[in-house]
Each structure stands twice: as C-alpha cells, then as structure tokens.
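Asks: Please find the sequence and the predicted model below.
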Amino acid sequence: MAVCIAVIAKENYPLYIRSVPTQNELKFHYTVHTSLDVVEEKISAVGKSGDQRELYLGLLYPTEDYKVYGYVTNSKVKFVIVVDSSNTSLRDNEIRSMFRKLHNSFTDVMCNPFHNPGDPIQSKAFDGIVSGMMVQNA
Amino acid sequence: MHYSCYSCSHITILLLKVYPVKDILFLLPKFVPLCFPSGAGDQALFTSLYTTLAQQLPREPMEWRRTYGRAPKMIHLEANFVQFKEELLPKEGNKALLTFPFLHIYWTDCCDTEAYKGSVKEDMLRWQNSLRTHGSADWVIIVVENNETKKKNKTNILPRSSIIDKIRSDFCNKQNDRCVVLSEPLKDSSRSQESWSALLLKLRTLLLMSFTKNLGRFEDDMRTLREKRTQPGWSFCDYFMVQEELAFVFEMLQQFEDALVQYDELDALFTQYVLNFGAGDTANWLGSFCAPVRCWNGLLLRRPIDMEKRDLIQRGEASLLDLRSYLFSRQCTLLIFLQRPWEVTQRALELLHNCVQELRLLEVSVLEGALDCWVFLSCLEVLHRIEGCCDQAQLAANCSHTVGLWAYATDKLKSLGELCGLVSEKGPTSEDLNKTVDLLAGLGDERPETVNSLQSPYKKLKEALSSVEAFERHYLELSHAAMEMYQAISRMRSARLVGKSLAEFYMRKGDPERAESFLQEALKCYVSEGWSLPLTHTRKQIAQCQRLLNRTEDYLQTSALLAGDENLSSEEREHFCQEILNFASKSGDQGEPYMYITLSMGVFAHLTRLQFHPSTASVHSGADLQVELVLRCLMPVSVHLQQLVASIHFDIEQTSGTLGRSKGSQRLTNPGIVEFTQTTNSPSSNGTPALELDEIYDRSPTDNSLNSTGVICKNTHLLIRRHNSSSPSETPNGASPLTMKEEAQMLKVHDVTLHPGINSIKLKSVDPGTYTLRQLCVTLGQVQFILPHVYPSVQYEVYSQEPQLTVEPLEEPLLAGLPQFVQFTLLTGHYTVKKGDALQLSNSESMPILPSATCSARICNTAGGEQVLSIQSSEKVTSISLPPAAPYHSLMFQLQVLCLIPTGAERPPNERLTNGEVRHRPRSYSHPDTPMTAIDQRMSIDCPWSIYSTLLALTFYIPFKTKHSLLSAGNRSYVQVCLQNVSDEDFKLEEVKLLEKEDSSLQLLCLNNKTQQTLCSKHSLFCLWEVRWSDELPSSLHCLFSAHFSPLNHELSGSKPFHYSFQLDRTLYSVRAEILPPAGESHCRCGLLCALEVHITRLTDAAEGEVIEESKSETEAPKTTKLMYEVADSSSNWAVCGRSSGMVLMPLSPNATHKVQIEVMPLFAGHLPFPRIQVLKYLPHSAAPNIQPDPDSCVENDSLSLLDKSLDDQADTASIRSRGSVHSVGSSSDPAAPSSHQQRALNMPRLEPFSPGQVFNHSLTQQVLVLPTSDDHIMEVNAT
C-alpha cells in the first residue's frame, strides 16, 4: 500500500523511516523531509482553530508520482505515509486506519521501558506492522 | 407557411438567460436567434411591447421550487422572444434544452368579433394543433386592448368581454388563466400598470412552471442516458454534451454551484473510466482518448468556453488532454465566478498530476518532454489566469496556494532544459536541437488571445527552449520566485529543496561556487534536523563543489566526513579516504613552507576512552605512566599515521605534603578510565551542549571539616551563549579555526596504523607536575586532524618525592628503662639506595641502641623480600648499612633501643655530639594523655642523601613515679620511698635498694623483707629504711634508690635498674613554739590575747652553700644569716595581732637560738592547733643564687623536678636550630651566665624556702586548750 512510512520526532529528526523501493530511499527522505513544512503549517493551523483531537492531517501535498499523508500525535510526533499516485484504490478512510494502526504500534514501542524516547525505533513489532502496510500492494 | 394575419400574431417565448458577463453574450446568437414576428400590424404590436416586456420580465425574482428535495432558490427569469416557426418546435428525441421553447404566446389585439371569427380563431386553432402535435402544453394567449381600437370600430363593437370570453371558451376550456388581457399597454395609466404587472406575473409563473417541468424531464432523460453507459455503443462524448447543456442552463440561471457540479460529475465519471481501464475494464469509447498526444499547448483559461475543444469533444475526436483541458477550463470559469480562485490552483495541480498519471495508465504514447511542456504551459496559464482576477496583495497573501504551481513549473522547465541539452556546459547537441524542434512543433500556434501579450506562457516556453541563455534566465526567474514564495510562507525545507535543485543546475552549468552556497544552506538544515541520508547526499555534492573550487581544506574535511559516513557504500568511502591519503602523501617539496592542513579530529576518529596505567593517574617522576587512548577510527581503511600527539597543559603544582590528587577528574567510577561519550548526530542533543556539572567541596583548611558543598556548571559559557549565533558543530569552515595550541609538553607516538574501528594507543610521560590533556592531533602527511578539546578534562600527575625516614615505635607506648623495638621506615623517594649507603646514628648515652644478632630489612614495592642489615657500632656512631633499593620503594627495619630513665639530681656535663652539636639532655614532661611522664628522646641520623642530619624524636614513658619522705619518731629517722606504677604493665621488682653515696658511717637498715615483689599496674609499693648513724650527720644525705624491674610476664635480660636519687638534708633549725595564756590565766581564753613564743634554734655550723650575711665589720666573729619567719593561720582559728612576720639575723653557730614573741588571739574555744609557723631563707638582692630557682622543686619534690629551666629553654632553641648554627647555642648553654630574664629577677631580694628536713618544727601538730570567755553565757536560741 504505502511506499514509504516515516516517524518523525517532535524535533523533526527521523525516528523511523522505511521505504519500499530501496533504490529510491534518498528521494523519499527528501520527500518526507519536505512534507514537514506542510505538517508544521497544518499543526499551527489546527492550533489556532479547529479540533485539537483530530490527529489526521490529511493529504499534505501531492506530487506527480506520490501522495503524502500526515498524522500528528498529541506529543507532536509525526507520521508520514507516502502512497504511490497510481494507487488510486486507496481511500481516505484506509489511510486513516493505517495511521491509527501505526499510532497504536508506536504507542506500544513507547511503552517499552527499555526504549528511550527520542531514540530511533528499532522495535521488530513496529517493523512488522510497517511491513504489513507496505507489503500488501508493494 | 405564412401565419401572419391582419391584426394578430403569435410569438414563441424561449427561455434564455442573458449573461452578466459581457464577453459571454456571443453565445446568444449561436443558440437562440432573436426574431420578431413578421407581418405589418402584429409586428408593430409586438415591437411596441417588446422592450417593456424584455425589461420587466427579469425584474422580479421568482421562487424556484425544485425536485429531489433540493433547496428552493430565488431566480430571475430572462427570456428571448422568437417568432414562432413550426421548425423550431423540438422534434421527438431532441433533448436540447437551450433551444427549447418553454412558453408559446399568441398575441392579438383583435376586438372585432367578425375578424376573430373570420381569421384569428382559425389561426389560433392551427397554432394550437401544431403545439399539440409536438406535445407542448405551455402556451398563453394575450389579448391587447386599446382604447383607440375601440373607438375606431365603434359601430360594430362587441363588448370586450365577449372576445375574451369567446377565446376562453374556445381554447382554454379548463385553464382560464391561459388567456390574459393587457389593457392599454402603451398608456401611462394605473390601469395599464396593473394589467402589465398581472401579465408579467402570469408570464413568469407559467415560464417557471414550464421550465421546471422540462428541466426535470431533461434531467431524467440524462440519467437514463447515463445508466446506459455499460451498453455497447454508449459514448461518453455524447453524454458529455447532454450534461454540459444542463450545466449551461444552470450557468445561465447564475446557479454556478449547480453548474460546477455537472462538470465535477463528468470529471469523476471520466476518471472512473480511466481507472477501470487501468484495472482492465476497457470501454470502447475510450479508444479515442488513447490516441497519441500530438498537441501539448496547455490549458486555455482565457475563454469562457473553448469552442474548438468543445467541437472536438462533440465530434468524438478529442484527446485525453483536450477533454481534460476543456473540463478544467469550464471548472475554472465557474470557480472564478464563485470567487474561489485558490481552489483553481489547487485543482490545477491535482489535474496536472492526474493527467500525467492517466496518460501513463492509458499507455498513451507521448513524445518525450511533451508532457513537460504541457504541464509547464498549463501551470503558467493557471497562474496568469489567477493573477488576472486577483490583486497583488491577495496574491501575496495566498502564496501557499500558488507556490505549488510555481515549483511544479520550475521542475518541468528544468527537466525540459536537461532534455534539450540546455543545462550542460557545452550547449545543446544536434540531437538535442531535433528534440527541441519536435517539442515546439507540438505547441502549435499561439492562441489569438495571447498573441499580443508579451509574457504569455507560450512565448516564455518558446523563448526558454530557444537558447541556453534564455533558458537560464527563465529557469532562474522561476526558481527564485518559487524559493522566495516558499520562504515567505516559511516552508524552509521546500525552499531548500528548490535551492538544492538550483545547485544541481549550477553544477551542471559548471558554476560550483553558486551551487555551494545553496548546498550549504540545505546541509545546515539536514544537519540540524538529523536527516542522515539527505545529509550524506548533499555533502557528497558539496565535496564535488569544493573539489572543483580547489578548496583543499574544506574538501578534505568533507571527504573525511564522507569517508566515515556509514550511509555510503564502502567503495565510495574508500574513494574519499583515498582522496585524503593522496593529498597527505603529496609531499610539500616545492620549497614552500611545510603547511599543514588542519582538520577537525571528529571527522576522522573519535576518542572513546582514555585509560591510565597506573589507574591512580599519579606517578612519581621517573616512573612510567601510560596513557592509553582508545580511538574509534571512522575511516574505511587502515590509515598509517606519521605521529599522534597529545598536547598537554603542564602545571608545576606544589604537591606539598599531601599528594593533591583527590581533586579534578576523580569522580570517575572506574579508576583511571575516562569514557568519552560521543555526541552522536542525533539532533535532540544538538545545539545545546549537555550540562557539565561538577561537585565542589569547600573544606576548612585547618581541620578538613566540610564547610559547604555544591554543584557547579563548568560549561556555562557554552550554555548561556546566544543560541542563534551558534554555528553547527560540523561546519568545516566554522567560526573557531582549529589550531594546535603551542604547549611545551606533548606526548607523542610515531608511525601508528589506525585500523577501522577501535584502536588503542599508548603514550608515556615524565616531569613532575600536573598534566591536563588538552588537545589531540593526528598527523597524516600534510594533513593534521585535531581534536581541539579533550573533554571531560583529564589530568594526571607526576610527582617527585624526597627520601623520607621515619622512626616509629613498634608498639605504643614506648616504655623507658626497657628494651623497646622501633620501626625504621625509609621511603626512598627519588633516591636510589646504592650498595654501601649507610645511616649514621649518633649514639646517645641516654638511649643506647641495643645490638641485635638478626636484623633484617624488608623492601616493599618489589617482590624482593628480606635483606640482612649490618649494624656496626663504634663509640659515638652506630652505622646501619642499607641494602640497595630502587627509588619509590620503602625500606623497613626494626631496632631495639633502650631509653635510660634519668636518675635525677646529677647533672651531666655538657657534651657535644660527634657532629658537633650539643647533646641534649632528654626532656621529660608530664604528658596530658597519660599519667606517665614522657621523655622525648632525640635521635640524629646522618643520611647519605642529605648533608643535613635528620633529627627524629621518640617519646618514651617512664612507668614509675617515686616519692620519698623522711619520717622521724623521736630520735629515730626513717626513709620511706613510694614507688607507683603508672603504666599499664605489671612489673616484677627485684633488688630494691637504697644507698647513701657519701657517708659510710650512715647505716640504712632495710625494713623490707621480700627480695622480689610484684607491682601491678596502677599500684604503689612502699619501701622503708631506718637511718642510723654513728657519727655526726652530714648536712645532707644523697640517697639513691634503685630497683631492678622487668615485665611480669617475660624475662628481660637487658633491662637497667630503675634509679631514683634524692637528697635528704640535715636539720638546720628547730622551731619550737609555745602559746602562753595571758597573765593571770591558767588557760587561754577565747577572745583574749595570748603570747605565741617561737624559738628558732640553729643546730649546725654553717653548711656549704648557705648564704652568709656580710657583716659590716669583718672582724666580728660569728657569721650570721638572715631568716624570715611568718606566722599564718589558714583555718581562721587564730587572729594574729601585730607583726605576723619578721626578719631574724641568725648566727651560724650551733645552738644559737632566737626567740620571737607574737600576739595571737584565739577565736574559738576548744583544742586549737597552733598557727603555722614558716621559716624561710632571705636572700639579699646581690646574692647569686646557689641553686637555680626551679618552680617544680618548690611545689613538688620528686625526681622529675630536677631539671633546670635554662637547659630546657636551651633544648628548645637547639631543636629549632637543629640544622646548623652552633654558635648561638653555645652562648646560652652556660648556666653561669644566666639569661637576661633571670638576671632581672635576681636583682630583687627574695625569699626561698628550705628543703624539707632542713627545718624541724617541734610544735607542728601541737594543740592548745582554749576556754570560752567567762561571760560567754548568753546563748542565742532561735526557735521557729
């Protein structure tokens, strides 16, 4: 489904980033990094008005080839999912549920007493969840 | 067919909207020609009414109730009036809504029954029939009434009502409202007005009714058509036209929202078909859209309706891009009507992305670059369109909506430039030119709308592709515009990405200088946010720039960073490492000064650990201190280093006494190991350095107690530093240049090979002092890597120590008189004990060193164990030859010494030690901690390492205290000696003896029968001797008490007897006192004066040492001495009246008696003791003291009081000046020359008591009976 999934810390450094076509990893890094602009814009817009409980930020920006979706947790950890533009079967709801799943798994990672918040995520369980989201249509 | 009659006409009304926008008016003639009825009279009638009608009809809004629960709307109806023609009536199946006649109106001004019957009715019937055949039920007949006509035809006038009634009965059988009268329409009267408004209302109502009905039918038909889309032969283009007609209608009614919905539905339908195609479900009609793209001239948004494209669609010849372009242009038009320009931009971007995707999905063959052209043109067209309808302020405020298009256009132009060879340094090749020509061909001719504008997208693209310079200009313009916009809306990351792409452009243009600044900008961002992959990529590009710019230092720095970058493949890393090595091996042999390129160590290797051997990080000079550095080398290959230098800061710290080692970096948990935590490039810790806290303890200098404690931050200067100005740590050309500070001290190793990963390097060091590791430098040919600060700071200490000799008792306390072991400890310090070195101990009589057969020394710090010591004693010196020992070792051996207990009275003559110093009498004093008397025994040792003697003191304790007393009973005298054991040991006493030294006639009869006695700790032993004498007694007896003693539990051979010498003086005077009652009384009475008669009798001749009063006449025989007597009663029994003391001049002859009478008064009755009578020697002021005044001897008469003060003082001064100056000691050593202090005291006359025994008081304990006073019979009784 997704071609790239990233978890970005509050301070905007990547906690986790994985993409499916590995040869294009760099491009995805650039894409995800750039998308933080929009994420920040949206977060500040939400801060001013609107539902604080809505974590899903929606489509951050489309490119010719990819669609970038964003999600922000209450602790301002950002999730970014990049989907191939040609993958038209994906609906907004599915993206939302992917984010929810990701958030749940992320919460599990954070609950691990041996995990140091702020460190890159190396959890296998989290990796598994991410793989599940990427493999389906990869 | 000709319908026109003489006085009537019928008009068909077609519903049509008149567009508010002027340029859309051209629509009208196309679809609905505006016609007037022909025929003279009628045309005149309608023409006369038309203007008013056309004006008045849309004036009032009507509520439009709609089907399917859609909200009602108020709309204004406008109409076109067209002359009726049978051809205009819609045929069966013609669904065209725009040309649909909604309401048919028959106009007549016939008022003549004849005429009506004759022609009008027939005409109406025919009209009605034709309407009926076409199924149209929307009609109305309007009868215009004119007064003129009435007047004209006065004669055959029918009642007006009758014509109306006739028409009504003939045509509107049930619908009376289908016939309306308009009275005097051209008159300005109230009646005319009324009838006009009634007519208009009727017309509107009927029109709307018809419209609603027909629209509903149209929509139903449209839906039916849509449902047929799965059937073969269904054509999207046909359906498109149908639904678009609906959109047009809504648009005409100004229902733009509804109109937009129609287009959106079409859009979605088409999109779905394309997606289905992608999923394998092919529709036949899609074939036309899959045709290769031949024209890519972009969107055209300047026309409300692009008729060319519409025609193409209608004909089914449109390509996908045509359809999309047309759809979007319509949507755009409507959105702009709706005042939603920003949605246009957003939709445009989606559209462009979508189109690219769709073409890909449909596998439409497109010329390479054609789509880029299309997208580029489209982006600019959209932007132009938006600019055209917004002012500058609005545009600036909504950058966020347009910037995407700018960036997209930039992107596309760049790829076009690359495709057409406009970016390369050399310019386009012929192949590139061919491509360009092909691409330009697809653009076609410029649209007529923009031919005259200078800045059309078409012109821009054409120009940009025409030459390298023009391309650069356009590309830079776009890029900068996009970047500025991104920056304006603070999308810095996007701006940097554009900048990066600009940098890539510059690189291809061969302008690395400009490229670098953009890259550095981007790099900073990636570094600060910790995005390693983009970081690596960007850095690689920077490296390339720097290489091209020949910025060697920066290039090497970047190369080093890249060589250690784990994101790169090992080949790449090795390449960058090799770059450094190549440079390093390039020897600077061009005669230029050997310049080092200095780089930060952090890129090359990390110092991870530092370990000291020994772990205390403190060694004595000359010893090896190893500093082991653990470096994690980041290079991918092994690197050979010319040298590795640790520069150290050197402090000559005064390590006085204590080795001040407990400060500094001693908070290490692991002794001697310092771990350096590398701040990895996680940006959480980035920017703000970690707090470096240290504990501080403020201890009082005197007793080392804790005054205060606290925590200090050692790097406040870093933390408090202004944050924005801080440069990221890894910037190679950062603010602080890396310099190796010149330090005198360096630790070096040469020729080391660092392997990738962990390396351990050992360094060694030397001179005394404290060393702080400051910097680390690795030299690699011409390249130096410097670690500017070693943090946390690491110190080590090298100290130098003088040899130290200490002598300590093996067990406390050392007892005098018994052989005791003392421990000699020699800390060799920096001195090497060579063979033949010996310690020379000056022998002291009071503390001989006992020879011992087996004496061995132990040398510590090495495995070597016991070594035999040889001790040679001569008369004055004991020499101990030491075994050889290395520096900083300790040598220990034991010697047995015996401290003689001083016997007391005898005073040894001044002696000098072998080294010329005055031998000191050991000093004894009462020690506060113990009841035993202490003796400080000094030792003087000559050591081979020093020209000075080492003076050491040992404190011995005398285990006994002795007291003697002379007991007399009548003629017999006894000497009692009390020996008190004050030590903790039990002793065995033997051979307790008392000897008289001089007088042989004296006999001391021992009354103690036991030969051996045990004296336990804290017990006393009394010994008694009777003194018998035959001859005349000497004036004083010198007695010596001696006893052999040894510890109870073990026998000791070498013990010396304990001696106690004392002096018993012969009685010089006897004092006899008598109290005589007052005259006439037999007894003394209380309160009455009595006489105290004191007889002082001289018993002997002048004894030696007595002060003889110089008589005035020298011839006078008896010599005299002055005595002082004193009567004092301490117990307040007596009141001494008159003189209580006085001076007596006593002749120095036996039995010379002096009688003194003193008046005393008893104060109480009873047996009262005599008042105390004291006799003292009176020394005149000139007399030199015979015996030095000794305060001790006055108070207490024991053996310890025998030392004189002046020698004590002398010992003190000697101890201070023990290192030299002999001459000053000698001056005060002579007791005959008393110090000035003493001299001053001797100038005064003074009193001196006699030694015990010299004065015998006969009446010491005598009592006298005192009676109470005779009249002392009054008693005071107090009863309560």
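Replies: Cool, the structure landed.

Asks: Just the closest residue of the stretch 201-350 of chain B to chain A, please.
Replies: residue B:275 (5.3 Å; C-beta to the nearest C-beta). Every C-beta, even on glycine, is put in place using the N, C-alpha and C of the backbone.

Asks: I figured that residue hits residue A:88, correct?
Replies: Yes. The pair residue B:275 / residue A:88 is scored as a contact, 5.3 Å apart, by C-beta atoms under 8 Å.

Asks: the more surrounded of these two?
Replies: Each of residue B:275 and residue A:88 has its neighbours counted (other C-beta atoms under 10 Å in any protein chain shown); residue A:88 has more, 19 against 16.

Asks: In contact with that one, which residues?
Replies: The contact partners of residue A:88, by C-beta atoms under 8 Å, 6 or more residues apart in numbering or on different chains, come to B:275, B:278.

Asks: Surely it is in a helix?
Replies: No. Counting by DSSP: H, G, I helix; E, B strand; the rest coil, residue A:88 is not part of a helix but coil.

Asks: Next up, phi/psi of it, please.
Replies: Main-chain dihedrals, residue A:88, degrees, to the nearest 10: phi -90, psi -10.

Asks: how close does it get to residue B:1015?
Replies: For residue A:88, the distance to residue B:1015 (C-beta to C-beta, to the nearest Å) stands at 117 Å.

Asks: Could you do residue B:885 as well?
Replies: Per C-beta to C-beta, residue B:885 is found 44 Å from residue B:1015.

Asks: same deal with residue B:225?
Replies: Per C-beta to C-beta, residue B:225 is found 141 Å from residue B:1015.

Asks: of these two, who's got more company?
Replies: Taking neighbours as other C-beta under 10 Å, residue B:225 and residue B:1015 compare with residue B:1015 leading, 23 against 16.

Asks: tell me the contacts of the more buried one?
Replies: Counting by C-beta under 8 Å, 6+ apart, residue B:1015 has contacts B:979, B:981, B:986-989, B:1021, B:1045.

Asks: Domain map for chain B?
Replies: Chain B breaks down into these domains under the TED database: B:33-150+B:160-228, B:491-587, B:596-651+B:670-677+B:690-721+B:742-799, B:804-904+B:923-958, B:960-1065, B:1067-1101+B:1119-1178+B:1246-1272.

Asks: Compute the first-to-last residue distance for the fifth one.
Replies: Yep, that's domain B:960-1065 we're talking about. In domain B:960-1065, first residue to last residue: 24 Å (C-alpha to C-alpha, to the nearest Å).

Asks: Quick one: mean pLDDT over it.
Replies: If you average the pLDDT over domain B:960-1065, you get 77.

Asks: one step back: quick one: which of the contacts of residue B:1015 is nearest residue B:895?
Replies: Lowest distance from residue B:895 to the contacts of residue B:1015 (C-beta to C-beta) belongs to residue B:1045, with 22.4 Å.

Asks: circling back: the residue of the stretch 201-350 of chain B closest to chain A belongs to a helix, doesn't it?
Replies: Yes. The assignment for residue B:275 is a helix, going by three-state DSSP.

Asks: Need the per-residue pLDDT for it.
Replies: At residue B:275, pLDDT is 82.

Asks: do the same with residue B:295
Replies: Predicted confidence (pLDDT) for residue B:295: 81.

Asks: how about the strands of chain A, start to end?
Replies: For chain A, the strands defined by DSSP state E cover A:2-8, A:14-19, A:56-62, A:66-72, A:78-84.

Asks: Least confident of those strands, on average?
Replies: Minimum mean pLDDT among those: strand A:56-62, a mean of 86.

Asks: Around chain B, which positions in chain A sit nearby?
Replies: Proximity of chain A to chain B, by C-beta under 8 Å from any C-beta of the partner chain, involves residues A:9, A:11-14, A:25-26, A:29-30, A:33-34, A:36-38, A:41, A:61-64, A:85-86, A:88, A:118-119.

Asks: what about 7 Å?
Replies: A:11-14, A:25-26, A:29-30, A:33-34, A:36-37, A:61-64, A:85-86, A:88, A:118 (C-beta under 7 Å from any C-beta of the partner chain).

Asks: Filter these down to the buried ones.
Replies: Neighbour counting with 16 or more other C-beta atoms under 10 Å in any protein chain shown marks A:11-14, A:25, A:29-30, A:33-34, A:36-37, A:61-64, A:85, A:88 as buried within the residues of chain A next to chain B.

Asks: Next step: those restricted to helices.
Replies: In helices, judged by DSSP state H, the following of those are found: A:25, A:29-30, A:33-34, A:36-37.

Asks: Now tabulate these in a markdown table and tack on pLDDT.
Replies: Formatted as a markdown table, these follow (pLDDT from 0 to 100):
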| residue | pLDDT |
| --- | --- |
| A:25 | 86 |
| A:29 | 91 |
| A:30 | 91 |
| A:33 | 92 |
| A:34 | 91 |
| A:36 | 91 |
| A:37 | 90 |
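
Asks: okay, those residues in TSV with distance to residue B:433 next?
Replies: Compiled in TSV, these are given as follows (distance: C-beta to C-beta, whole Å):
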residue	distance to residue B:433
A:25	36
A:29	37
A:30	33
A:33	38
A:34	35
A:36	42
A:37	39
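
Asks: residues making contact with stretch B:1123-1142?
Replies: B:1089, B:1092, B:1094, B:1096, B:1143-1144, B:1146, B:1156, B:1158-1164, B:1168-1169, B:1171-1178, B:1247 (C-beta atoms under 7 Å, 6 or more residues apart in numbering or on different chains).

Asks: Next, the buried residues of that stretch.
Replies: Within stretch B:1123-1142, the residues scored as buried using 16+ other C-beta under 10 Å are B:1123-1127, B:1129, B:1133-1134, B:1136, B:1140-1141.

Asks: Take these and keep only those in strands.
Replies: Members of the buried residues of stretch B:1123-1142 lying in strands (criterion: DSSP E): B:1123-1127, B:1134, B:1136, B:1141.

Asks: Mind picking the two most distant members of those residues?
Replies: Using C-beta to C-beta, the two most remote members of those are B:1123 and B:1134, lying 21.8 Å apart.

Asks: For residue B:181, give the beta-bridge partners.
Replies: Judged by DSSP bridges, the bridge partners of residue B:181 are residue B:143.

Asks: how many neighbours does it have?
Replies: Neighbour number of residue B:181 under other C-beta under 10 Å is 17.

Asks: go on, residue B:1049?
Replies: Count around residue B:1049 with other C-beta under 10 Å applied: 8.

Asks: Would you mind measuring from it to residue B:985?
Replies: 9 Å.

Asks: now residue B:48
Replies: Applying C-beta to C-beta, the value for residue B:48 to residue B:985 is 158 Å.

Asks: Who has more neighbours out of these two?
Replies: Taking neighbours as other C-beta under 10 Å, residue B:48 and residue B:985 compare with residue B:985 leading, 17 against 13.

Asks: is it true that that one touches residue B:960?
Replies: No. With contact defined as C-beta atoms under 7 Å, residue B:985 does not count as touching residue B:960 (10.7 Å).

Asks: pLDDT at residue B:1080, what is it?
Replies: In this prediction, residue B:1080 carries a pLDDT score of 76.

Asks: And it, how far from residue B:1088?
Replies: For residue B:1080, the distance to residue B:1088 - C-beta to C-beta - is 10 Å.

Asks: Between the two, tell me which one has more neighbours.
Replies: Using other C-beta under 10 Å, the more surrounded residue of residue B:1080 and residue B:1088 is residue B:1088, with 16 against 5.

Asks: hang on, the more buried one is in a helix, isn't it?
Replies: No. Judged by three-state DSSP, residue B:1088 forms no part of a helix; its state is coil.
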